[in-house]
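Novice: curious how this folds, go ahead:
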Amino acid sequence: MTKKKDARVTVGLACTICTCREADDKKGISRYTTRKNRRNTPIRLELKKFCTYCRKHTFHKELKK
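Specialist: Predicted coordinates for the structure are as follows:
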C-alpha cells in the first residue's frame with residue numbers, strides 16, 4: 001500500500017536548448033521522465049541527457065508540476 005505523501009515522485013525533464021528555440025522551428029522538445037526522492041533532493045533536477053532533436057548531449061531541467 002502506498003502512503004499519501006510518498007518520498008519518491010515521478011518528474012519530467014525537458015531539454016533547455018529546444019525550449020529556448022524560436023517558434024518557427026517546430027521539430028519538438030526532448031523530454032524524459034525519472035524518479036527522485038523529495039526528501040533528499042528538494043531542489044529541481046538538472047541532468048545531462050541526449051536530445052534527439054539537437055542530436056547532442058544537453059542539460060535537461062525538471063518541469064513544473
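
Novice: where's Cys18, which helix or strand?
Specialist: helix 16-20 (DSSP states H and E).

Novice: could I get that helix in CSV with only the CA atoms?
Specialist: What follows is helix 16-20, C-alpha atoms only, in CSV (Å, rounded to 0.1, in the frame of the first residue of the first chain):
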residue,chain,number,x,y,z
THR,A,16,16.8,23.5,-22.2
ILE,A,17,18.0,24.2,-25.8
CYS,A,18,14.8,23.0,-27.5
THR,A,19,12.6,25.1,-25.3
CYS,A,20,14.6,28.3,-26.0
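
Novice: gap between the next helix or strand after that helix and the chain center?
Specialist: Downstream of helix 16-20, the first helix or strand assigned by DSSP H and E is strand 31-37. Once both centres are worked out by Cα atoms, centre = their mean, to the nearest Å, strand 31-37 turns out to sit 7 Å from its chain's centre.

Novice: what lies in contact with strand 31-37?
Specialist: 7-15, 45, 47, 49, 60, 63 (Cβ atoms under 8 Å, 6 or more residues apart in numbering). Where you see a C-beta, it was placed from the backbone N, CA and C, and this is true even at glycine.

Novice: for the residue positioned nearest the centre of the chain, give the beta-bridge partners.
Specialist: When Cα atoms, centre = their mean is applied to the chain, the residue found nearest the centroid is Leu13 (0.7 Å). Beta-bridge pairing for Leu13 (DSSP bridges): Tyr32, Glu62.

Novice: contact partners of the worst-scoring helix or strand of the chain on mean pLDDT?
Specialist: Ranked by mean pLDDT, DSSP states H and E, the helix or strand of the chain with the weakest confidence is helix 16-20, at a mean of 80. If you take Cβ under 8 Å, 6+ apart as the criterion, helix 16-20 is touched by Lys27, Gly28, Ile29, Ser30, Cys51, Tyr53, Cys54, Thr58, Phe59, His60, Lys61.
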